[in-house]
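Trainee: Predicted model, plus sequence, below.
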Amino acid sequence: MTKTIVLTDLIVKNVYINYEEQNVRVIYKMVDETSKSWQEGTAYFWVTMPENPTVNDFQLPTGYIPTLVQLQTDADQALTSRFLI
C-alpha cells in the first residue's frame, strides 16, 4: 500500500555563524500538517560561494554581511570587557 506524505512547512531549527569559514550553517526540518518531522537537512549560506557548490549551498545576501560583522565585533567587545578587563 502506497502512502502519500504532504510536507507543509520548513522550520529553521538552528543557525550557526562560522566567521573563519565565512558561512552560515542552517539546520532545518520539513514537517507535515501535524508538525511531524519527516526530513532534516543542512544548508550553507556563503559570503563567497564554493568553487563546486552543491544544492545545499546558497549565496549569503550582501545586506547581511555588515550585520554579521557587527555582531562579531559586539560579541568580541562584550566578552573582552567581561573576561579580560
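Mentor: Great, that's in hand.
Trainee: Need the three-state assignment for the residue nearest the centre of the chain.
Mentor: Geometric centre of the chain, nearest residue: Val26, 2.3 Å, by CA atoms, centre = their mean. Counting by DSSP: H, G, I helix; E, B strand; the rest coil, the backbone at Val26 sits in strand.
Trainee: ok, what's across the strand from it?
Mentor: Taking DSSP bridges, one obtains Val15, Ala43 as the residues bridged to Val26.
Trainee: before we move on, what about Gln39?
Mentor: Met30.
Trainee: How about the contacts made by it?
Mentor: Residues touching Gln39, when contacts are defined by CB atoms under 8 Å, 6 or more residues apart in numbering, comprise 7, 29-30. For every residue, glycine as well, the C-beta is placed using N, CA and C.
Trainee: swap in Ile65?
Mentor: Ile65 touches Val47, counting by CB under 8 Å, 6+ apart.
Trainee: For it, grab phi and psi.
Mentor: Here is the backbone geometry of Ile65 (degrees, to the nearest 10): phi -60, psi -50.
Trainee: Over to the one 4 residues further on?
Mentor: Backbone dihedrals for Val69, given as degrees, to the nearest 10, come out at phi -70, psi -40.
Trainee: what residues are up against the residue nearest to the centre of the chain?
Mentor: By CB under 8 Å, 6+ apart, the contact set of Val26 is 12, 14-16, 42-45.
Trainee: Tell me where the protein has strands.
Mentor: Here the chain has its strands, by DSSP state E, at 7-18, 23-32, 37-46, 57-59.
Trainee: okay, the angle between the third one and strand 7-18?
Mentor: Looking back up the chat, that one is strand 37-46. Orientation of strand 37-46 against strand 7-18 (axes from the mean of the first three to the mean of the last three CA atoms, to 10 degrees) gives an angle of 40 degrees.
Trainee: quick one, strand 37-46 and strand 23-32 angle?
Mentor: Strand 37-46 runs at 160 degrees relative to strand 23-32, counting by the same axes, to 10 degrees.
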